[in-house]
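Enquirer: I would like to see how this sequence folds:
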Amino acid sequence: MAPSRGENQRIVLLAQNLPPESLLALVDASAAINAAQGLDETLAAIARAAATVMKAQASSVIMLDAARGKQVFRAAAGERADLLVGIEYDQGLGISGKVIETGEPAIVNDVGHDRTHYKDIDARTSYHTRSVIAAPLIHRGRTYGVVEVLNPTDGGLFDERHARLCQVFANLAAIATANAGHRDRLQRENLGLRQAAATASEIVGTSPATQKVKDLIRSVAPSGATVLLLGETGTGKELAARMLHACSDRHDRPLMAVNCAALPETLMESELFGHEAGAFTGASKRKEGLFELAEEGTVFLDEIAEMAPAVQAKLLRVLEEKQVTRVGGTRPVRCDVRVIAATNRDLAAEMEAGRFRRDLFYRLNVFPIEMPPLRARREDIPLLVDHFLKQIAEELKAPVPAVDDEAMAALLRHDYPGNVRELRNVLERACLLGLARGREGTAGGARIGLEHLPPEFTAAAGAASGAAPAEESSLVAQERAMVLAALAQHGWNQTRAAEALHITRDNLRYRMRKYDIRRPKGG
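Expert: Predicted coordinates for the structure are as follows:
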């Protein structure tokens with residue numbers, strides 16, 4: 001974000017009477033600040049440059065956290081600087097609080113007799129402050145914070161020349177701060193939006209069970225409430241999380257997902273909450289965690305029951321306090337995120353066994369949604385088959401295959417212990433086998449037959465059909481598959497299935513007996 005015309009004019013006017021030495025120092029400082037990468041590095045560069053330009057013993061950058069009404073030391077240079085970073089105090093306190101309120105620089109050459117000086121900072125760092133000059137970081141009407149410099153190196157006092165120089169420096173620093181923060185936000189949003197767009201965000205299916213889930217998602221999505229997704233492996237909990245995010249007011253913000261079972265405890269803490277440089281072996285530089293990267297967006301915690309107890313405790317604090325502390329750090333960082341968690345475990349049993357915290361469960365279980373297994377929504381299988389075959393064909397750069405009636409009947413009959421994920425894997429295998437064997441239909445398009453499905457599908461097909469003789473006509477097979485598909489698509493409601501086939505219910509029952517079609521267990 002470039003400075004406005006008014007800001008440029010103000011900087012020029014303030015700099016007009018500065019000595020050449022000060023102007024050269026400002027040029028060097030500006031180059032060093034603009035060369036920094038990211039907001040944290042930029043603020044550190046501002047603190048170092050401020051002490052150099054102002055010829056002071058120490059300096060700091062105090063950022064305003066208006067949402068919490070706090071001032072936070074984000075960067076410092078000079079003696080005991082490491083003790084200062086991370087300290088926060090109320091927005092209205094201290095000389096810096098006065099500068100934030102008035103928007104004007106302030107000089108205090110005898111802090112011991114100044115009532116606005118916040119003495120607790122010196123007490124916590126054991127640093128003796130004599131003189132302070134502070135100037136606001138303001139860009140395009142927004143106050144980002146304050147830059148402070150302490151104690152001139154020559155032992156003298158600050159005067160109006162110092163105030164003018166500090167204000168010019170602060171104006172340049174404010175522009176750099178705004179730009180660095182804007183770049184950081186764009187990077188986080190870009191990363192999160194790429195993740196959010198990685199897969200579809202609409203659950204496929206029209207069955208009553210699926211429609212119930214969709215209705216619950218659309219009901220809770222705008223509220224921002226924490227959601228707990230429950231259900232067997234492969235039922236589409238991640239897809240439900242993406243649909244929740246897409247339907248929420250945070251849809252244009254990042255969605256960050258992590259599998260809690262995929263990382264050991266130490267790496268999981270770093271992944272979620274970030275770490276400071278030197279926090280552990282291999283931590284060569286500061287890293288932001290997913291909660292920081294997802295600011296104003298959504299964090300999806302998959303397989304939450306696998307999270308280690310120590311990480312559970314930290315997550316509980318994040319949910320309660322809305323802020324994170326990086327591994328090896330002391331400064332809390334505010335985070336505004338929506339949390340969606342998922343598990344295929346029985347959390348009640350996990351709590352009884354002492355593996356999952358009760359207080360965390362009650363924080364997560366604000367709005368539970370049970371994801372139905374595929375065997376409870378068989379009527380969605382034809383739509384899912386069509387959806388997945390189009391995806392797979394695009395990935396393989398091949399034509400979309402059609403599915404033979406016998407193969408579709410077998411797909412409708414299977415119980416799918418692996419749920420939707422298993423169905424997709426079966427279809428991918430069938431596509432690869434069909435392409436490899438070069439099987440083509442009469443219309444010239446690729447087709448998937450019963451022989452392309454796994455043995456457990458073909459065995460079940462043979463048992464269900466009463467091992468029909470080889471001479472069974474394709475017309476009979478097609479009729480049987482049509483009846484089975486109609487029943488599955490209408491939740492095994494015979495009246496609706498008969499209406500869809502344009503036959504009477506008695507006629508439908510006759511064909512069910514003829515082809516030994518029985519409602520699958522759990523269907």
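
Enquirer: per-residue confidence for the residue nearest the centre of the chain?
Expert: For the chain, M256 is the residue whose C-alpha lies nearest the centre (Cα atoms, centre = their mean; 2.0 Å). The score at M256 is 91. That number is its pLDDT.

Enquirer: checking it next. Helix, strand or coil?
Expert: strand (DSSP: H, G, I helix; E, B strand; the rest coil).

Enquirer: and for Q211, the neighbour number?
Expert: 14 (other Cβ atoms under 10 Å). Bear in mind the C-beta positions are built from the backbone N, C-alpha and C, glycine included.

Enquirer: quick check: which element contains it?
Expert: helix 208-220 (DSSP states H and E).

Enquirer: could you list every helix and strand in contact with that helix?
Expert: When contacts are defined as 3 or more Cβ pairs under 8 Å, 6 or more residues apart in numbering; DSSP states H and E, helix 208-220 packs onto helix 237-246, strand 367-370.

Enquirer: and stretch 501-520, C-alpha only, in CSV?
Expert: Taking Å, rounded to 0.1, in the frame of the first residue of the first chain, the C-alpha atoms of stretch 501-520 are listed here in CSV:
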residue,chain,number,x,y,z
LEU,A,501,-40.4,-47.5,-13.2
HIS,A,502,-44.0,-46.8,-14.5
ILE,A,503,-45.2,-50.2,-13.3
THR,A,504,-47.6,-51.3,-10.5
ARG,A,505,-46.4,-52.2,-7.1
ASP,A,506,-47.6,-55.8,-7.6
ASN,A,507,-45.6,-55.9,-10.8
LEU,A,508,-42.5,-54.7,-8.9
ARG,A,509,-43.0,-57.3,-6.2
TYR,A,510,-43.2,-60.0,-8.9
ARG,A,511,-39.9,-58.9,-10.4
MET,A,512,-38.3,-58.8,-6.9
ARG,A,513,-39.3,-62.4,-6.4
LYS,A,514,-38.3,-63.4,-9.9
TYR,A,515,-34.8,-61.9,-9.6
ASP,A,516,-34.4,-62.7,-5.9
ILE,A,517,-33.9,-59.0,-5.0
ARG,A,518,-33.9,-58.5,-1.3
ARG,A,519,-33.3,-55.4,0.8
PRO,A,520,-29.6,-55.4,1.9
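
Enquirer: in that stretch, what counts as buried?
Expert: L501, L508, R511, M512, Y515, I517, P520 (16 or more other Cβ atoms under 10 Å).

Enquirer: thought the fifth one was touching R480?
Expert: Yes - under the criterion of Cβ atoms under 8 Å, Y515 lies in contact with R480, with a separation of 4.3 Å.

Enquirer: rounded mean pLDDT for the helix holding Q211, please.
Expert: Rounded mean pLDDT across helix 208-220 is 93.

Enquirer: and if you look at stretch 51-63?
Expert: Mean predicted lDDT for stretch 51-63 stands at 88.

Enquirer: the helix or strand that the helix holding Q211 is followed by pairs with which strands, and in what direction?
Expert: Sequence-wise, the next helix or strand downstream of helix 208-220 (DSSP H and E) is strand 227-230. Here strand 227-230 is paired, per DSSP bridges, with strand 338-343 (parallel), strand 367-370 (parallel).

Enquirer: for I133, which of those strands is the nearest?
Expert: strand 338-343 (42.4 Å; Cβ to Cβ).

Enquirer: contacts for the closest one next, please.
Expert: Identification of contacts with strand 338-343 by Cβ atoms under 8 Å, 6 or more residues apart in numbering yields 224, 226-230, 237-238, 240-241, 244-245, 248, 250, 297-305, 319, 364.

Enquirer: are any of those residues buried, and if so which?
Expert: 226-230, 237-238, 240-241, 244-245, 248, 250, 297-305, 319, 364.

Enquirer: which residues touch T458?
Expert: T458 makes contact with A410, L450, E451 under the criterion Cβ under 8 Å, 6+ apart.

Enquirer: show me the shaky parts of the stretch 1-150 of the chain.
Expert: Scanning the stretch 1-150 of the chain for pLDDT under 70 picks out 1-26.

Enquirer: mind running it again at 50?
Expert: Applying pLDDT under 50 to the stretch 1-150 of the chain flags the ranges 8, 11-13, 15.

Enquirer: show me where pLDDT drops low in the stretch 151-300 of the chain?
Expert: The stretch 151-300 of the chain contains residues with pLDDT under 50 at 196, 198.

Enquirer: can you give me the strands in it?
Expert: 227-230, 255-259, 298-302 (DSSP state E, counting those that start in this stretch).

Enquirer: tell me where the stretch 301-450 of the chain is predicted with low confidence.
Expert: Short version for the stretch 301-450 of the chain, where the test is pLDDT under 50: 439-444.

Enquirer: again, only this time at 90
Expert: Scanning the stretch 301-450 of the chain for pLDDT under 90 picks out the ranges 321-323, 325-335, 376-383, 386, 391, 394-410, 412-415, 431-450.

Enquirer: where do the helices sit along it?
Expert: 309-321, 347-352, 358-364, 381-396, 405-413, 419-437 (DSSP state H, counting those that start in this stretch).

Enquirer: burial count for the nearest residue to D359 once chain neighbours are set aside?
Expert: Leaving aside its sequence neighbours, D359 sits nearest to L316 (Cβ to Cβ, 6 or more residues apart in numbering; 6.0 Å). Other residues near L316 number 17, with proximity taken as other Cβ under 10 Å.

Enquirer: try P455
Expert: P455 has 7 nearby residues by other Cβ under 10 Å.

Enquirer: returning to that earlier point: can I have the buried ones of the contacts of T458 as a ChimeraX selection?
Expert: Here is the ChimeraX command that picks out the buried ones among those, judged by 16+ other Cβ under 10 Å:
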select :410,450
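
Enquirer: now render the contacts of T458 as JSON lines, adding distance to V327.
Expert: Formatted as JSON lines, the contacts of T458 follow (distance: Cβ to Cβ, whole Å):
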{"residue": "A410", "distance to V327": "51"}
{"residue": "L450", "distance to V327": "54"}
{"residue": "E451", "distance to V327": "54"}
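
Enquirer: if we can go back for a sec, could you say which of the strands paired with strand 227-230 is packed most deeply?
Expert: With neighbours defined as mean count of other Cβ atoms under 10 Å, these peak in mean count at strand 338-343, which reaches a mean of 25.

Enquirer: show me this protein divided up by domain.
Expert: Listed by automatic domain parsing, the domain ranges of the chain are 5-186, 199-372, 375-514.

Enquirer: to K70, which of the strands of the stretch 151-300 of the chain lies closest?
Expert: Within the strands of the stretch 151-300 of the chain, the stretch nearest K70 is strand 298-302; the backing value is 23.0 Å (Cβ to Cβ).
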